[in-house]
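Trainee: return atomic coordinates for the entry below.
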Amino acid sequence: MCDDTGTLVSTEWLADHVHDPDLRILDGSWYLPDDRRDCLAEYSRHHIPGAQFFDIDDIADTKSDLPHMVPPVDVFTSKVRSMGISNGHQVIVYDTAGLLSAARVWWLFRLMGHDHVAVLNGGLRKWFRENRPVDDLPARYQDRHFTVRRRSCFLSTIDDVRQASDTCRSVIVDARPAGRFNGTAPEPRDIPSGSIPGSRNLPFGNLLNEDGTMKPGPELVGAFRQEGVDLNQPIITTCGSGVTAAILSLALKVIGHQCHSLYDGAWVEWAEANRV
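Mentor: Take a look at the predicted model:
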């Protein structure tokens, strides 16, 4: 897969550019509560040189009862400016899993109008395996000016999903594991498992290689088609809480799909709204 500074870049690309003055690197690691991992502590112990920690639970709508919902524009702007990120910077996001939560950060920047953002393919796992340098030094940058140009078309609400479910004018694709989608395995939160009526299931792991990198374009197309997804239709991606849905969104961008959005409330919101 070729390097594309709007979707995915390789560890080789980042190693060649890691000291570029117009580059900002973000560690967007996140795990489910049951994993009991402290991503900030892990970042503090070792990270790619120059990286800053992007906490999706902090840079969020903290007034919402739903987890890590899209932050208000002023919150996102303030946080990003304090990281020394301007509209002219190239942003590279990675996570410690390989490719898990970094795609959520990528999608969030794109939602806010910033196209110069890519995910490190294979993440810190691949970087480590290749014996590339890490450090424990805090990254410090001066505040920079950042202007948000929010694209509402990248975001779907529960009303949008209800309409898609009723009319089938958009395909809803769920990134959760099959058991949670089918209702045969429990959710990690206190909600029933199951699926949105009419939705398709494409577990995000089906889009990844064993090393945590994303599969090449033709295999991504095949994965969507295998689950009955019509790539000629608009697509709404979803998952448990809006994190791994962004992996589907990233894959759709890689294969050139032009009309897709992410359901931010995801199964957490849907299950609560339809609880019997």
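
Trainee: can we go C-alpha only for contacts and neighbour counts from here?
Mentor: Will do.

Trainee: looking at this, Gln16 is in a strand?
Mentor: That one is not Gln; residue 16 is Asp. No - judged by DSSP: H, G, I helix; E, B strand; the rest coil, Asp16 forms no part of a strand; its state is helix.

Trainee: which residues in the stretch 51-200 of the chain form strands?
Mentor: Using DSSP state E, counting those that start in this stretch, the strands of the stretch 51-200 of the chain run over 51-53, 90-94, 117-120, 155-156, 171-174, 200-201.

Trainee: please report how far the spatially closest residue to Ser193 that is not a sequence neighbour lies from Val268.
Mentor: Sequence neighbours aside, Gly183 is the residue nearest to Ser193 in space, at 4.7 Å (criterion: C-alpha to C-alpha, 6 or more residues apart in numbering). Going from Gly183 to Val268 by C-alpha to C-alpha, to the nearest Å gives 14 Å.

Trainee: so what's Asp58 closest to, chain neighbours aside?
Mentor: His68 (7.5 Å).

Trainee: ok, Gly183 and Val268, which is more surrounded?
Mentor: Neighbours were tallied for Gly183 and for Val268 using other C-alpha atoms under 10 Å; the higher tally belongs to Val268 (21 against 13).

Trainee: contact partners of the helix or strand harbouring the more buried one?
Mentor: Using DSSP states H and E, Val268 sits in helix 266-273. Outside helix 266-273, the residues that touch it by C-alpha atoms under 8 Å, 6 or more residues apart in numbering are Leu66, Ile158, Ile191, Pro192, Ser193, Ser195, Ile196, Thr238, Cys239, Gly240, Ser241, Gly242.

Trainee: and the last one, what's its pLDDT?
Mentor: Here, the pLDDT recorded for Gly242 equals 98.
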